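A.B. asks: A structural model of the following input is requested.
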Amino acid sequence: MTSSAESPSPQPGEATPNVALRRAWLAVLARAGTEELELGLLHSAPGLRYVFLRRPERGMVMLRGRVGGTGDSFNLGEATVTRCTVRLADGGVGSGHVLGRDRRKAELVAVFDALLQEPAYRATLERDVVAGLRQQQQARRTEQAAATGASKVEFFTMVRGD
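C.D. replies: Residues are numbered from 1 along each chain as shown. This is a model prediction of the structure:
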């Protein structure tokens with residue numbers, strides 16, 4: 001069950017994004033750089049006013065893995081995370097969680113989350129900010145996969161004649 005800070009109640013007549021859509025934009029925003037988010041906010045919503053419901057704070061989470069990717073789960077280790085929750089001047093609430101210790105990044109993700117939940121901002125931000133970030137991240141993944149693939153080593157076993 002989620003708290004009201006994470007999933008605000010819709011106002012009468014207001015459309016709410018589905019969970020998968022919200023997860024998708026939060027994943028893209030959390031992987032973006034702080035500078036990219038700063039520029040996106042500056043161009044999309046200059047002078048935006050908001051208050052903190054939860055100031056950026058750091059904590060730890062346990063990372064879990066699975067043996068062979070599908071087997072028994074095990075504790076892999078801990079990671080630092082930073083979270084933040086904001087309320088826009090018009091009442092929209094957003095939450096941001098990012099790996100690492102970057103407080104400003106968590107704040108910016110929360111602001112974008114609040115804006116993207118507002119129908120008035122959603123289409124523009126999806127097109128002008130989130131889609132661009134998604135393309136950049138995909139290009140980096142493709143580039144990294146190519147570099148990794150170039151260093152791949154195939155192992156084989158030779159059997160001596162019996």
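A.B. asks: need the contact partners of the longest helix along the chain.
C.D. replies: Longest helix of the chain, by residue count under DSSP state H: helix 131-150. Helix 131-150 is contacted by residues 28, 29, 31, 32, 36, 40 when judged by Cβ atoms under 8 Å, 6 or more residues apart in numbering. Quick note: C-beta positions are derived from backbone N, CA and C, even for glycine.
A.B. asks: try 6 Å this time
C.D. replies: In this structure, residues lying in contact with helix 131-150 by Cβ atoms under 6 Å, 6 or more residues apart in numbering are 28, 31, 32.
A.B. asks: check which helix or strand residue 77 maps to.
C.D. replies: Counting by DSSP states H and E, the element that carries residue 77 is strand 73-88.
A.B. asks: remind me what that strand packs against, helices and strands.
C.D. replies: Where contact means 3 or more Cβ pairs under 6 Å, 6 or more residues apart in numbering; DSSP states H and E, strand 73-88 is packed against strand 50-66, strand 93-99, helix 103-116.
A.B. asks: so which of those is the most packed in?
C.D. replies: Comparing these by mean neighbour count (mean count of other Cβ atoms under 10 Å), helix 103-116 comes out on top with a mean of 24.
A.B. asks: what mean pLDDT does it have?
C.D. replies: For helix 103-116, the mean pLDDT works out to 97.
A.B. asks: in the helix or strand following it, which residues are buried?
C.D. replies: Counting by DSSP H and E, the next helix or strand C-terminal to helix 103-116 is helix 119-125. For helix 119-125, the neighbour count (16 or more other Cβ atoms under 10 Å) marks 121, 122, 125 as buried.
A.B. asks: let's have the contacts of helix 131-150 in CSV, adding pLDDT, neighbour count and distance to residue 112.
C.D. replies: Output for those, formatted as CSV (pLDDT from 0 to 100; neighbours: other Cβ atoms under 10 Å; distance: Cβ to Cβ, whole Å):
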residue, pLDDT, neighbour count, distance to residue 112
28, 96, 22, 9
31, 96, 17, 13
32, 96, 23, 9
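A.B. asks: remind me which residues of this structure are low pLDDT?
C.D. replies: 1-17, 161-162 (pLDDT under 70).
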